[in-house]
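Peer 1: Any chance you could fold what I've pasted below:
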Amino acid sequence: MNSPFLNLFPGLTEDKAIELLEMPVEQLKEKYHRYLAAAHLVNFPTERSINALIKVLQDPNPVRENRQAQRKAVESLGRLKVDRAIEVMRPFLADSDRYMVENTVWAIGEIGTSDETILSEITQLLAKEGQVYRVMIQTLAKLNYKPAVNQIAKFTDSEDPAIACAAIAAVCKLSRERTQINRVVQFLQSQNIHARRGAIQDLMDLQYYQAIPQIATTPVSQSMRLRGMRFLADEAVSSGTLQFPDIESSLDLAIWDHPHQLNMVYAYASKPSLEKVLEDLYNTNFAYCYLASKAMLDFYPDAGKELEQSFHENAQEDYGAHYHIIKLFGWLKYAPAYDLEVDTLINLGDKFVKSRIAAAISLGNLGDVRAIPHLKACLETKVWKLKYACLLALDCLGDEEGRKICASDDDWLVQAKATVGNTQ
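Peer 2: Next up is the predicted model:
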């Protein structure tokens, strides 16, 4: 609930969002406003907002705009974990729209239930053609519904690797038999992007902390890897199973995020052109971005100017490319990018937090000690991974004050890095 991406319309008040939801569709100035309001009310966990969202689910109007708002209302109620909403949303389990069914199953999983009739109904959906099976399998495993294990097991050899991965993980959890858990780990190297992403979540669900090193080298977004690694680290350290030194090298690797240290799942058939490399930095599949980053370092280490031109022309609104290019400037030792790196570190907001991490690492790699005060200033952030990146960068620049600043940090992981972690 603390994601900066949930509150996408900060100027929209609770009162106005409720007004939009209660207004008849035909009276709306813009039809999408109903969907927007249902999404925005997730930021207001009040009885008024909850009642407005439930009322949307009870509206029989079949027009597309209302149906879309209902789908989003189900999601919002799930995020708000509204128990009494389950019975209202339950009829949507039989909906003809597979995505409405998906949202409903997911929301029930978020809210939680031990009602066996509902769990049995979700299990029966696994035998229904054309459903979003992965979400159903995950939900049944999350709610620990053991009677579903035989139905779930039928999907362990699915042609869809993301579904197969979820099914294997669910069977491991529900049967408490973990002999197949390495099959889940292997999906981290699948050429299917959804399988790689899904495998991280499945390993989190299994609390399989042994996979932290493999997650660190998986070519998906850094934020996704760090989310999984942090969750597993928190669980393992709090239980006394691991200590910080056991996971430090994996965390360092993921924060540095050097393409030479990742396990690539794709390859170029021959040396790519610079134009092709630059193009692939904008791919929505980060495995191609990492492949392109590696190619830039291997084949075009002097192409900083071309990279900078591409950045200014195309990367300003592309969060992924922005991140990869900012990081590359540091790996390429491209000194003219220093001011850009500082501006990225200091002035960009939460939606560009990935790029701020990249800028911290790049400033460490550029070796310019002028960056030290800027990096220290960022140690005041609440974002643990940015603080961690700044500590790594400050180590690179020979600064010891950063560790002293973070020696009593509220975040155990940052504190551990500052006090017991290795220096460069």
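Peer 1: Endpoint to endpoint, stretch 121-135 covers what distance?
Peer 2: From its first residue to its last, stretch 121-135 covers 14 Å (Cα to Cα, to the nearest Å).
Peer 1: Can you give me the domain boundaries for the chain?
Peer 2: 1-89, 114-206, 261-419 (automatic domain parsing).
Peer 1: Using TSV, please lay out these together with mean neighbour count, mean pLDDT and distance to Val101.
Peer 2: (Each C-beta comes from the backbone N, C-alpha and C, glycine too.) Listed next are the domains of the chain as TSV, based on neighbours: other Cβ atoms under 10 Å; pLDDT from 0 to 100; distance: least, Cβ to Cβ, whole Å:
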stretch	mean neighbour count	mean pLDDT	distance to Val101
domain 1-89	17	87	10
domain 114-206	19	96	6
domain 261-419	18	95	26
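Peer 1: Would you state the helices of the stretch 251-400 of the chain in chain order?
Peer 2: Ranges of helices in the stretch 251-400 of the chain, per DSSP state H, counting those that start in this stretch, are 274-280, 286-299, 304-314, 319-331, 338-347, 353-366, 372-377, 384-396.
Peer 1: And the ones you listed: which comes nearest Asp246?
Peer 2: Proximity to Asp246 (Cβ to Cβ) singles out helix 384-396 among the helices of the stretch 251-400 of the chain, at 16.2 Å.
Peer 1: packing partners for the closest one?
Peer 2: The contact analysis (3 or more Cβ pairs under 8 Å, 6 or more residues apart in numbering; DSSP states H and E) places helix 384-396 against helix 222-238, helix 244-256, helix 353-366, helix 372-377, helix 401-405, helix 412-419.
Peer 1: rewinding a little: distance to Ser190 for the helices of the stretch 251-400 of the chain - can I get that in CSV?
Peer 2: Converted to CSV, the helices of the stretch 251-400 of the chain look like this (distance: least, Cβ to Cβ, whole Å):
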stretch, distance to Ser190
helix 274-280, 19
helix 286-299, 10
helix 304-314, 29
helix 319-331, 20
helix 338-347, 32
helix 353-366, 23
helix 372-377, 36
helix 384-396, 25
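Peer 1: Figure out which of the ones you listed is closest to Thr13.
Peer 2: Among these, if distance is taken as Cβ to Cβ, the winner is helix 353-366, at 26.4 Å.
Peer 1: For that closest one, C-alpha coordinates in CSV please.
Peer 2: Extracted C-alpha coordinates of helix 353-366, given in CSV (Å, rounded to 0.1, in the frame of the first residue of the first chain):
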residue,chain,number,x,y,z
VAL,A,353,14.2,5.3,-7.9
LYS,A,354,15.8,2.6,-10.1
SER,A,355,17.7,5.3,-12.0
ARG,A,356,18.8,7.0,-8.8
ILE,A,357,20.3,3.7,-7.7
ALA,A,358,22.0,3.4,-11.1
ALA,A,359,23.3,7.0,-10.8
ALA,A,360,24.8,6.2,-7.3
ILE,A,361,26.6,3.2,-8.7
SER,A,362,27.7,5.1,-11.8
LEU,A,363,29.1,7.9,-9.7
GLY,A,364,31.2,5.4,-7.8
ASN,A,365,32.5,4.0,-11.0
LEU,A,366,33.3,7.4,-12.5
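Peer 1: Name the residues that touch that helix?
Peer 2: Outside of helix 353-366, the residues within contact range by Cβ atoms under 8 Å, 6 or more residues apart in numbering are 221-223, 255-257, 319, 322-324, 326-327, 329-331, 333-335, 337-338, 341-342, 344-345, 348, 371, 374-375, 378, 383, 385-386, 389-390, 392-397.
Peer 1: ditto for stretch 96-115
Peer 2: Contacts to stretch 96-115, defined as Cβ under 8 Å, 6+ apart, come from residues 67, 70-71, 74-75, 77-79, 81-83, 85-86, 89-90, 92-95, 118-119, 122, 125, 130-132, 135-136, 138-139, 142-143.
Peer 1: Which ones among those residues lie within helices?
Peer 2: 67, 70-71, 74-75, 77-79, 85-86, 89, 118-119, 122, 125, 135-136, 138-139, 142 (DSSP state H).
Peer 1: picking up where we left off before, so can I have CSV of the domains of the chain showing distance to Ser250?
Peer 2: As requested, the domains of the chain are exported to CSV (distance: least, Cβ to Cβ, whole Å):
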stretch, distance to Ser250
domain 1-89, 24
domain 114-206, 13
domain 261-419, 10
